[in-house]
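A.B. asks: model this:
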Amino acid sequence: MQVKKDGVVTSASKGNSAKDENVMIVSGRNMYDAFGRVAKAFYPTTEGTGSKSTFSKSFDNVSPTVTVYDVLDRATSVTLPDNSTTTTSYTVDNSSHALVTTVTDALHNVQATHTNGSGKTLKTIQKSGPDGEITTSFEYDGIQRLVRVTDTEGNVTTSTYDMGDRRTEVNHPASGITSFTYDALGNVLTKQTANLAKEGKFITYDYDYQRLTGINHPDHPENNVKYYYGGRNASQNRIGRLMLREDGTGAIEYFYGKMGEVTKTRRTLIVPNQAIATYVTQWTYDSHNRLLEMIYPDEEKITYSYNLGGQLEKVHGYKSYGYDYVSKIGYDKFEQRTYLKYCNGAETFYTYDPQRRRLQNLTVNSGGNTIMDNAYTYDAVSNVLSVVNGTSVPQSGKAGGQMAHTYTYDALYRLVSATGTYTGADNKTASYTLAMGYDNMHRITSKRQILTQNNVQFNGTLNAGYDLSYTYGTETGKKFQLANVKDVNYRTEETPSESENVNNNHAYEYDANGNLVYVNTSRTKKDGMADEKTAERKLKWDEENRLLASDDNGFVTNYWYDADGERTVKTSGESDQVYVNSEFAGGRTNTAKFSLYVSPYLVANQGGRYTKHIYIGSQRVVSKIGDFASYGSDPRRIQYAGSETDGLSVDYKQKYVQQLQVIKDNYATFAVPYNGEDNNDYVDGKGFCCNDGSLEAAQTRALARAAKNNFQEGDAYEKMQFYYHPDHLGSSSYITNLEGEVVQHIEYVPFGEVFVEERNNIWNTPYLFNAKEFDEETGLYYYGARYYEPRLSVWISVDPSKEKYPDISSYTYCHNSPIISIDPDGKDDYRMDASGYLVFWRRTNAKSTHRVFFKNASIVVGRNLVNQLVKNKNNQGSYAVTSNGDDAFKFFTFAAKHTKVEWRLVGMKNGSGVKFKLSTDFNSSSVSNDMNDAKNMLFHLHSHPWNTNFGETKASGNYKEYNQVSSGKSISNYYTDGDVWTLNNIYNAYKKANPNKRFESYPRAYIYYSGDKGQKSQLYEYDLKRARFNPIFTPTYEQIKNRIYRK
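C.D. replies: Sure thing, here's the model as predicted:
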């Protein structure tokens, strides 16, 4: 089959204007061997737009990917276009009789996987570990449920299930025991973590007709969550949909379009001890669910334009003045970006290696100069070996310059060493070296980093460095957690000597859930004695493992999160405190400094300042600064969320009082006196809107004065636009203003610490490494699901995806490979619409998993499955084939439940085990079947969307059963039912391929029906005689999998 689609290919290069060509993008041709297997796969080609129905015989001129198979149709070698070859061998282990699949990659590193007859992984062995083989083993119960995982050190993760196939307990070596209880319908009723178990407490969940209505927290009831749904007379298309969500930070009200898309939100947020503020955001989509228009809370209208191929091409904004924030985006035939032009004239050019499609060069021209000209080199498995910015040294007084990094890796592809050199204007130079050590569980054992700067921070030479030695706990449950880090460091303007070294020791404590709660820093003095406490950090967490507050030597920062776990507020004080021998001796504390995270698109701060962020996909391209006068409607005067929710009301005054008390409780927890003044005037709080005498308010006024030039009074902030020019990891490298001048330049060492920073502006972005916010109060990066400590290069809490990586420490950042991977929140994110289309949301290049969202619901599945569904997508449908049954059933159930199209999942037996084929035609009433699949079929499952059992010939599975039909008669004589016709065709194909099989052993057929107003969602069987039997109501994906596939 050949697929053609409309496309626009943009040719762009430095010094030449971008040129577009409307083409048909033709899927790459395949060449088959004598047995019909794909032997050579070519890249796509392009052709003119006038031959949509004509088969193209053209081949791409890049060498194909070549696959060689054995007699059982298993791939034994795959050779990529650059001749990098991965080989696979298959043997049987004599003792366990398991199938052993041994993969040798292009750098000759080896991994073996042992699987049983059901295709379940029994053991993985990394044969190329630097300290010997790394073995992880897996054990299952009698119905193939994973019950035990043992890592290479003998640390064990266990799972317990009930009779309904629901997991009731997981015991993890880093986070302890987490247990769950369920109701008869499979809804989670309680959750108990290791911390809560100490006091016999539970997080509880409330439901109404299978809909979650509440989450109750035992220790922090102020953070309880309530969900309200539209009734039969609900307005704004909210019948049966979530219309209001209330949590500790306030509430958010939802408005919907006719297709169920969210068209508006009204969000009211508590700014503790400051104000109650409301923000309204609106969206408009086209029939393909593409965003056409977005109205920000300050009433700026952003419009999005798309090219002939459906790719985003332009972003325009209007408020007082109009701006083409993104005036042009260009793509190649792979739909990879080749060109980007901003409103300020800055142009970015992307060049890719033609054989492997890896980024080869990233060039940015701005203000008439080339400010970035990054060239990338890779090894055969795509580890980045070097990044060299070969641009010219800028003129005197200008920011930027030349930068060169080199990297080396061990056999597990962990970064083991790096070097970097920088040359800037005015004789600025800098260099660094990095050396890392790891153990077999990927824990860092040592980190040595040395830095030298000349004329960068001051006129003269700066030498700085540190040598960290890591020690971990030895008790069960503590082996992944830091016990001590010995820190030998220096910072001097002269050549460092051993006598100038400062010897620190950092001692760490964690709670039962695996969250870091205390760091005590002691220092060895000149006389060899150690100070008992030079510095200390205390951290407070809630029941959901969210950081609530931090205390750094008496400086307290508070954090709040919404029901989705996203941070909504951060407050800290302008502290004038005095400590003597670690005892508070007097001073003043308050919470004047705050950040209010309304959404990814808008952040408000004290003194009336706010920052808007404008995106293309997940990439932040512009930050635009505003003040209270330029905002528009006063957020304190806008109608609160819940005002249009059919009589519901939210007690915001009570929430305001509760959150003020939370601040006081946090200070009390840390034994830090709270001397702040209570602000009970949440309607007119001055710190929220205007001059309160704070430094931040003064900076806000200075920004306005600096921006006035060409703008009318009151519109000065329209000039405060700052454009991002990131590197391949998304890290902010250069920031330019509306005139295209570089106002901020940042270089990084590999694990995210700032190496060189130049600033020429009052405002500077806090979004640095990986484009994540750097909290200057703590020195941590906020990544959504957890916080990252760049100096130690570890997470400070357990990875939420810990069970996906049983062979790696749960605190490891990006597999210790920070140059090729980023980890924004633990997962890569995609969005799926009601038609089943998957689109990128956050392009993060995480190694193993993606997260798929449908509105507020989400799942985490393997990266390979999602990549296939995206790659193998055209107007007629999408499909993927995987050996991971858990992922296949999870995705099928999620998609069948939420989308308006039919999905199909079949299990097929082949020589290498079991494969699962997932597919959809994007059709609400049918899904096609490949009769070639029927030959080796184990089961056949497909879905019926919500409310589709209607009409004279009701779909199979209607709750009114069909009459019995005599055996041996054609079903079509009695019913015009497409499902039964299809099943009859499948059985005929199966019989032809398996003539000796008895009919009773033919593959069984199942339907998952999403339900309607008259019945619940359900899984049931059907055959040639009966339309519905053996139903399971409101099944989980695990129940579906265990019912259908047990072998």
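A.B. asks: Spell out the residue ranges of the strands in the stretch 601-750 of the chain.
C.D. replies: 602-605, 610-616, 619-626, 721-726, 732-736, 742-748 (DSSP state E, counting those that start in this stretch).
A.B. asks: Who does the fourth one pair with, and is each partner parallel or antiparallel?
C.D. replies: The sheet places strand 721-726 alongside strand 619-626 (antiparallel), strand 732-736 (antiparallel), with pairing taken from DSSP bridges.
A.B. asks: which one of the ones you listed lies closest to Ser1001?
C.D. replies: Evaluated over the strands paired with strand 721-726, closeness to Ser1001 peaks at strand 619-626, with 53.2 Å, by CB to CB. For the C-beta atoms, the positions are set from N, CA and C on the backbone; glycine is no exception.
A.B. asks: per-residue confidence for His944?
C.D. replies: Looking at His944, its pLDDT is 86.
A.B. asks: For it, which non-adjacent residue is closest in space?
C.D. replies: Leaving aside its sequence neighbours, His944 sits nearest to Tyr1009 (CB to CB, 6 or more residues apart in numbering; 4.5 Å).
A.B. asks: quick one: the one you found and Phe922, what's the gap?
C.D. replies: Distance of Tyr1009 to Phe922, computed by CB to CB, to the nearest Å: 19 Å.
A.B. asks: sorry, back to before: turn the strands of the stretch 601-750 of the chain into JSON lines, columns for distance to Asp286, mean pLDDT and mean neighbour count.
C.D. replies: Shown next, in JSON lines, are the strands of the stretch 601-750 of the chain (distance: least, CB to CB, whole Å; pLDDT from 0 to 100; neighbours: other CB atoms under 10 Å):
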{"stretch": "strand 602-605", "distance to Asp286": "24", "mean pLDDT": "94", "mean neighbour count": "22"}
{"stretch": "strand 610-616", "distance to Asp286": "17", "mean pLDDT": "94", "mean neighbour count": "20"}
{"stretch": "strand 619-626", "distance to Asp286": "21", "mean pLDDT": "93", "mean neighbour count": "21"}
{"stretch": "strand 721-726", "distance to Asp286": "27", "mean pLDDT": "95", "mean neighbour count": "23"}
{"stretch": "strand 732-736", "distance to Asp286": "32", "mean pLDDT": "95", "mean neighbour count": "25"}
{"stretch": "strand 742-748", "distance to Asp286": "36", "mean pLDDT": "95", "mean neighbour count": "23"}
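A.B. asks: Which one, of the strands paired with strand 721-726, ends up nearest to Tyr640?
C.D. replies: Nearest to Tyr640 among these is strand 619-626; the distance by CB to CB comes to 22.4 Å.
A.B. asks: how many neighbours does Val271 have?
C.D. replies: Using other CB atoms under 10 Å, Val271 is surrounded by 29 other residues.
A.B. asks: so who does it touch?
C.D. replies: Listed by CB atoms under 8 Å, 6 or more residues apart in numbering, the contact partners of Val271 are 277, 569, 594, 596, 604, 682, 685, 688.
A.B. asks: circling back to that earlier point, dump the strands of the stretch 601-750 of the chain into a markdown table; add distance to Ser550 as well.
C.D. replies: Below are these laid out as a markdown table (distance: least, CB to CB, whole Å):
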| stretch | distance to Ser550 |
| --- | --- |
| strand 602-605 | 19 |
| strand 610-616 | 23 |
| strand 619-626 | 25 |
| strand 721-726 | 28 |
| strand 732-736 | 24 |
| strand 742-748 | 23 |
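A.B. asks: So which of those is nearest Phe769?
C.D. replies: The closest of the strands of the stretch 601-750 of the chain to Phe769 is strand 742-748. By CB to CB, the value is 5.7 Å.
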